[in-house]
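> only geometry, no sequence info:
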């Protein structure tokens, strides 16, 4: 019996050592990668200076064209991430502050993402390689149920989120294989699709007070960042457009731009503009809040 117990302990010890070595390998690969995702780029950079950054979900990632701002003298980047929610936007802003970014203006999408205080499990995974290195990430996730396992069990976070930060993504990071996430200063254009536009139904949504949005407002105030919170366009056949009016009832400071572009020719789907729509919308937002910088 004693021999069997010793054998089991040796196997367990070998397993822990293997998991520790794999954890070290994966983490090292991510720590030297800044070309795969916007989170990689953010963590592996510091002291960036931006006149304008964009934060939000795919309705930022596909809707704001930094080139239009850059051409007018503003240093700009689109940090929108498809499938993210306001919880992830808040953490991205915290990481920017941790990495000593200087930000003058933050344009934040607050529309469909305000009806939930939940998080995006898919996007949460992208922060996990930096859990041990970043106090900001640890503080943000310290109250989630699986926090202790993610932090203290070697390699557990890579197994738990294998679909997003597993072997394939680690290997691409290790060999510095670039993705398209950082092309066009973070803007990802969509193409038009032939056929009838299927209306989006917003009847199931209802805006409510959002903890992450209020956290973002507080961070902007403390760090002297001009926050511009706004809604983004939907196609003209959207069902229950009153949803956007209800947002203003909860947060009157949010600017309504859901009707800024409505023609179907500017949309890829009812909730996402194509490249032409994104360019038209970005120009509208620029004209509403900014002016071309004069040459020195």
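Looks like it came in fine. On a predicted model such as this, the values are computed, not experimentally measured, just so you know.

> for the chain, what spans make up the helices?
Remark: helices assigned in the chain by DSSP state H are 2-31, 38-43, 58-61, 66-70, 86-98, 121-124, 135-141, 147-152, 156-160, 162-165, 167-174, 211-222, 242-250, 275-289.

> okay, the ones you listed in TSV with distance to residue 188 and mean pLDDT next?
To be clear about C-beta, it is placed using only N, CA and C from the backbone, and glycine gets the same treatment. Compiled in TSV, those are given as follows (distance: least, C-beta to C-beta, whole Å; pLDDT from 0 to 100):
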stretch	distance to residue 188	mean pLDDT
helix 2-31	22	87
helix 38-43	10	95
helix 58-61	5	98
helix 66-70	11	97
helix 86-98	16	97
helix 121-124	15	94
helix 135-141	24	97
helix 147-152	29	96
helix 156-160	26	96
helix 162-165	18	94
helix 167-174	18	94
helix 211-222	22	98
helix 242-250	24	94
helix 275-289	9	98
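
> Could you check how far the spatially most central residue of the chain is from residue 60?
A centroid search over the chain (C-alpha atoms, centre = their mean) returns residue 81, at 3.7 Å, as the residue closest to the centre. When C-beta to C-beta, to the nearest Å is the yardstick, residue 81 and residue 60 sit 8 Å from each other.

> for residue 144, same thing?
Residue 144 sits 25 Å away from residue 60, taking C-beta to C-beta as the criterion.

> Look up how far residue 111 lies from the closest residue to residue 277 other than its chain neighbours.
When the adjacent residues along the chain are set aside, residue 277 lies closest to residue 266, with 3.0 Å between them (C-beta to C-beta, 6 or more residues apart in numbering). Using C-beta to C-beta, we find residue 266 at a distance of 17 Å from residue 111.

> Can you pick out the residue with more neighbours from those two?
When residue 266 is set against residue 111 and neighbours are counted by other C-beta atoms under 10 Å, the residue ahead is residue 111, at 26 against 19.

> Now that one: phi and psi?
According to degrees, to the nearest 10, the main-chain angles of residue 111 amount to phi -140, psi -90.

> Residue 247 is in contact with that one, correct?
Yes. Counting by C-beta atoms under 8 Å, residue 111 sits close enough to residue 247 to count as a contact (6.7 Å).

> Mutual contacts of those two, please.
When contacts are counted by C-beta atoms under 8 Å, 6 or more residues apart in numbering, residue 111 and residue 247 have residue 231 as shared neighbours.

> before we move on, back to that, how about the helices of the chain, which one is nearest residue 259?
When the helices of the chain are compared by C-beta to C-beta, helix 242-250 sits nearest residue 259, at 8.2 Å.

> In the closest one, which residues are buried?
Residues of helix 242-250 classed as buried: 243-244, 246-247, 250 (neighbour count, 16 or more other C-beta atoms under 10 Å).

> Among those residues, which one sits closest to residue 92?
Taking C-beta to C-beta as the measure, residue 92 lies nearest residue 247 of the buried residues of helix 242-250, at 21.5 Å.

> What pLDDT is listed against the closest residue to the closest one other than its chain neighbours?
By the measure of C-beta to C-beta, 6+ apart, the closest residue to residue 247 outside its immediate chain neighbours is residue 207, 4.5 Å from it. Looking at residue 207, its pLDDT reads 93.

> Can you report how many residues lie near residue 41?
As a burial measure, the neighbour count of residue 41 was computed by other C-beta under 10 Å and equals 18.
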